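S.K.: take a look and give me a structure for this.
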Amino acid sequence: MKKILIADDEPDIVKIVQFRLKGQGYEVIIAVNGQEALDMAGKVNPDLILLDVSMPFLKGDEVCQKIKADEALKHIPVLLMTASTRIANEESVLQLGAQGFILKPFETEEFLETVGKFLK
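M.R.: Prediction:
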């Protein structure tokens, strides 16, 4: 079973994402802020990390950069989740070290398709 770490400080978003991913058979691990996401990534070694860009303690882009700088974690694909069109483009995301992004609000089909691409 593929493990996905979700880091988002919005409980409603977490519930929706968790529900959709569990419905597809994924194991879901939740972090409520950037520092917790960074700590958990090292402990659970997920197959994919979904990071909200705007979180307390450490923002998603900062967490992504730290993950990609860590030899033990840098192989894990990271998708940034954001409502900001400033970040939601391939060039910005790649500069941060992420493999892609999910623009909020998202359609379920598109969300699951994007996630699935990184878990093959």
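
S.K.: give me the secondary structure label for the residue lying closest to residue 38 once chain neighbours are set aside.
M.R.: With sequence-adjacent residues excluded and distances taken as C-beta to C-beta, 6 or more residues apart in numbering, residue 38 is closest to residue 63, at 5.3 Å. Every C-beta, even on glycine, is put in place using the N, C-alpha and C of the backbone. Per DSSP: H, G, I helix; E, B strand; the rest coil, the local secondary structure of residue 63 is helix.

S.K.: partner residues bridging residue 82?
M.R.: residue 103 (DSSP bridges).

S.K.: so who does it touch?
M.R.: 52, 53, 54, 60, 88, 101, 102, 103, 104 (C-beta atoms under 8 Å, 6 or more residues apart in numbering).

S.K.: that older thread, so what pLDDT did the residue nearest to residue 38 get?
M.R.: In this model, residue 63 is scored at 95, pLDDT.

S.K.: so what's it up against?
M.R.: Going by C-beta under 8 Å, 6+ apart, residue 63 touches 7, 34, 37, 38, 51, 55.

S.K.: which strands and helices sit next to the helix or strand of the chain with the lowest mean pLDDT?
M.R.: Using mean pLDDT, DSSP states H and E, helix 90-96 stands out as the lowest-scoring helix or strand of the chain, at a mean of 75. Helix 90-96 is packed against helix 60-69, strand 100-103, with contacts defined by 3 or more C-beta pairs under 8 Å, 6 or more residues apart in numbering; DSSP states H and E.
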